[in-house]
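Novice: got a sequence here, can you build the structure:
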Amino acid sequence: MGMREAEVIARALVEAKGKSVVFTGAGISTESGIPDFRGPQGLWNMISPQVVTLEYFLKRPDESWWMYTEMFYPTLANAKPNPAHYAIAELEALGLVEAVITQNVDCLHQKAGSKRVIELHGRFDQVQCLKCGFRDGIEKHVSNFKKNGSAPKCPKCKSVLKPAVVYFGERLPEDELSQALALANSCKVMLVVGSSLVVYPAAWIPEIAIRRGAKLFIVNITPTHMDSYAELVIKERAGVFLPMVAEYAKQMLKSK
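Specialist: So this is what the prediction gives:
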């Protein structure tokens, strides 16, 4: 099951000599118990995307914080990496993957051991002040909110603190986007895992890589608009398929 394809991708990674990038979306974390957005059990079937817009947050910060602490934070805080996350970390440790660019905010790549993770949509475990740039760990602010029901305030400028995830209508972090664009321009292999490639500007990253001559491989259960550009499209669970890729890659490196 997928063994030939796993061997092909492993060989491409080895031949790229460290100039490979993994681009991940919500689909890689569904096996860790985190729902995706657009699938049958996706978040947008349970809540309206409207409640995670920047506009909604600015108008109703207390309600927005309630939604975050009830609907998002507990699931993300309790999630554990799955075999797909560990396989990607192993490929990086082998010197085959230069970086992970992720649309996810769950920090599971770091928990699995990945060293260079570029988080295009922020991270769930921090807060930020949109006015002065203050950042902090989120845990104590979640505890305080649960006690008093009021959105936490920035200790520096007294503005409302916001979870450090990118809401709809909010710009992507400039430094992370700049790093991702540079990698897209220079990589030889782009491995997309668990992304529907419909959320822009993040979805530009694989498109830029293709235009620059990189080989594209896609591991995703559902079709994407870029399937026809890929060398291979694997419609299997990432947690089953990627460990095979890592194992083949290890064998190839040993036999060199």
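
Novice: only C-alpha atoms for contact and neighbour calcs from this point on.
Specialist: Fine.

Novice: what ranges in this structure fall below the confidence cut-off?
Specialist: With pLDDT under 70 as the threshold, the chain has low-confidence stretches at 1, 37-49, 256.

Novice: okay, now the sheet partners of the longest strand along it, with direction.
Specialist: Using DSSP state E, we find that the single longest strand of the chain is strand 122-129. Paired strands of strand 122-129, with direction, are strand 135-137 (antiparallel), strand 161-165 (antiparallel) (DSSP bridges).

Novice: output it as CSV, nothing but the C-alphas.
Specialist: Below are the C-alpha coordinates for strand 122-129, written out as CSV (Å, rounded to 0.1, in the frame of the first residue of the first chain):
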residue,chain,number,x,y,z
GLY,A,122,0.6,31.9,14.1
ARG,A,123,0.4,29.6,17.1
PHE,A,124,-2.3,28.7,19.7
ASP,A,125,-0.2,28.9,22.8
GLN,A,126,0.7,32.6,22.8
VAL,A,127,-1.1,35.9,23.0
GLN,A,128,-0.2,39.1,21.2
CYS,A,129,-1.0,42.8,21.4
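
Novice: most packed of the strands paired with strand 122-129?
Specialist: Each of these was scored by mean neighbour count; the highest is strand 161-165, a mean of 24, by mean count of other C-alpha atoms under 10 Å.

Novice: can you tell me what sits against that strand?
Specialist: If you take C-alpha atoms under 8 Å, 6 or more residues apart in numbering as the criterion, strand 161-165 is touched by 105, 121-130, 138, 151-154.

Novice: hmm, 6 Å instead?
Specialist: By C-alpha atoms under 6 Å, 6 or more residues apart in numbering, the residues outside strand 161-165 that reach it are H121, G122, R123, F124, Q126, V127, Q128, C129, P152, K153, C154.

Novice: skip the chain neighbours and tell me the closest residue to the last one.
Specialist: Across the structure, with C-alpha to C-alpha, 6 or more residues apart in numbering as the measure, the residue nearest C154 apart from its sequence neighbours is L161 (5.6 Å).

Novice: quick check: beta-bridge partners of that neighbour?
Specialist: Listed by DSSP bridges, the beta-bridge partners for L161 are C129.

Novice: change the start of the numbering to 505 and stick with it
Specialist: Got it, the first residue is 505 from now on, which makes the last one we talked about L665.

Novice: list of residues touching stretch 613-620?
Specialist: P585, H589, Y590, A593, A603.

Novice: only C-alpha atoms, please: export it in CSV.
Specialist: As requested, the backbone C-alpha atoms of stretch 613-620 are provided in CSV (Å, rounded to 0.1, in the frame of the first residue of the first chain):
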residue,chain,number,x,y,z
HIS,A,613,5.7,19.8,14.5
GLN,A,614,7.8,21.3,17.3
LYS,A,615,6.5,18.7,19.8
ALA,A,616,7.6,16.0,17.4
GLY,A,617,11.1,17.4,17.2
SER,A,618,11.1,19.5,14.0
LYS,A,619,13.6,22.3,14.5
ARG,A,620,12.8,24.8,11.8
